[in-house]
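Engineer: below is the structure, and that's it, no one-letter string:
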């Protein structure tokens with residue numbers, strides 16, 4: 001019998017290939033899992049960037065002025081007249 005056909009050698013080679021396939025399968029699953037986690041957007045773990053970016057089409061906020069702010073605005077308008 002040749003070395004390639006040796007039963008023990010074939011058995012070891014087969015076990016080695018099975019282990020390698022299992023490791024490759026785990027590696028693919030880990031990559032897929034990481035990819036899925038990366039696609040999830042969770043606002044809690046987002047880092048704020050240093051600069052603010054402009055938002056296009058943002059609605060204007062209607063703010064209610066307090067009495068003090070109204071008085072200051074009125075006083076400023078009187079000075080301009």
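Structural biologist: It's in. Treat the numbers as computed from the prediction; the structure is a model and nothing was measured.

Engineer: when you work out contacts or count neighbours from here on, use the C-alpha atoms and nothing else.
Structural biologist: OK.

Engineer: mind checking which helix or strand residue 18 is in?
Structural biologist: Assessed by DSSP states H and E, residue 18 sits inside helix 7-39.

Engineer: and residue 11, how close does it get to residue 17?
Structural biologist: Counting by CA to CA, to the nearest Å, the separation of residue 11 from residue 17 is 10 Å.

Engineer: low-confidence ranges in this protein?
Structural biologist: Low-confidence segments of the chain, defined by pLDDT under 70: 1, 40-62, 79-81.

Engineer: how about 50 then?
Structural biologist: 81 (pLDDT under 50).

Engineer: for whichever strand or helix holds residue 75, list every residue counted as buried.
Structural biologist: Per DSSP H and E, residue 75 falls inside helix 67-80. The neighbour-count check on helix 67-80 (16 or more other CA atoms under 10 Å) flags nothing as buried.

Engineer: residues in contact with residue 8?
Structural biologist: Counting by CA atoms under 8 Å, 6 or more residues apart in numbering, residue 8 touches no other residue.

Engineer: coming back round to it: show me what the helix holding residue 75 is packed against.
Structural biologist: Under the contact criterion of 3 or more CA pairs under 8 Å, 6 or more residues apart in numbering; DSSP states H and E, helix 67-80 touches no helix or strand at all.

Engineer: contacts for it?
Structural biologist: Nothing outside helix 67-80 qualifies as a contact, by CA under 8 Å, 6+ apart.

Engineer: how far away is residue 33 from residue 23?
Structural biologist: In this view, residue 33 and residue 23 are 15 Å apart by CA to CA.
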